[in-house]
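**Q** need the 3D shape of this:
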Amino acid sequence: MCYFLYGAINDGINKDDYEKIAKEAEYHFSLGNIDSVNECVENCNNSYRITFNHCDCDTAIGQKHTNKKQLEELRNLLLNLQTVRGIKYVLISKNWWQETNRKQETVHIQDIDILHFLANIEDNCLYKIELYKKYY
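**A** Okay, the predicted model is just below:
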C-alpha cells in the first residue's frame, strides 16, 4: 500500500512557541507519547501523522541519501524545536501500511549527525529524539 510518517512531541510544551516555529514547516507534530503513537500506527489512524500528504512514499526520510531538501527542512525544524519551552522529545516513525513498530530507539540530538540519522531511519521503529539541553 503506502508508507506513512508518524510522530509526536511531549505534552507540557509552550504551544505558542511551537506554533511560531511549526507554522511554515512541512512536518507537524501533535502532543503525545510512545503509547499514543504506537496505538495510532497499530490502528492505521491518521491522528499522529506528521504530514498532510496522501502518503509518504516519496519522503526522503529513510532513503539513505543525506543531500535531500526534505531532510534539511526536518533537521532545521528539530533544531528550532529545542527553543520551545518545555520541549523534551520528538517521536518519529516510518511505517508501511498496517505494519506496527517492532522496536524503539532513543537518541539525543547532540549525539547524532541529524541528516545521516534521518536518512537512515529504519521502517517500523519508533525513534525518540531527546531535545533537552545536555550539560557536560
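**Q** which residues sit in contact with the residue nearest the centre of the chain?
**A** Nearest to the mean C-alpha position of the chain, by C-alpha atoms, centre = their mean, lies residue 92 at 3.2 Å. Taking C-beta atoms under 8 Å, 6 or more residues apart in numbering, we find residue 92 in contact with 5, 6, 7, 50, 61, 121, 126, 127, 129. For glycine as for every other residue, the C-beta is placed from the backbone atoms N, C-alpha and C.
**Q** next, give phi and psi for the last one.
**A** By that I understand residue 129. phi -100, psi 110 (degrees, to the nearest 10).
**Q** which residues does it bridge with?
**A** residue 90, residue 107 (DSSP bridges).
**Q** what's the separation between it and residue 96?
**A** According to C-beta to C-beta, to the nearest Å, residue 129 and residue 96 sit 21 Å apart.
**Q** neighbour-wise, which of the two wins?
**A** residue 129 (22 against 13; other C-beta atoms under 10 Å).
**Q** for this protein, which helix is longest?
**A** helix 69-81 (DSSP state H).
**Q** buried ones in that one?
**A** By neighbour count on 16 or more other C-beta atoms under 10 Å, the buried set for helix 69-81 is 70, 71, 74, 75, 77, 78, 81.
**Q** tell me the secondary structure for the closest residue to the fifth one other than its chain neighbours?
**A** Leaving out its chain neighbours, the residue that sits closest to residue 77 by C-beta to C-beta, 6 or more residues apart in numbering is residue 25, at 5.0 Å. Local secondary structure at residue 25 is given as coil here, using DSSP: H, G, I helix; E, B strand; the rest coil.
**Q** how many other residues sit next to residue 25?
**A** 15.
**Q** distance of it from residue 19?
**A** 10 Å.
**Q** thanks a lot, catch you later.
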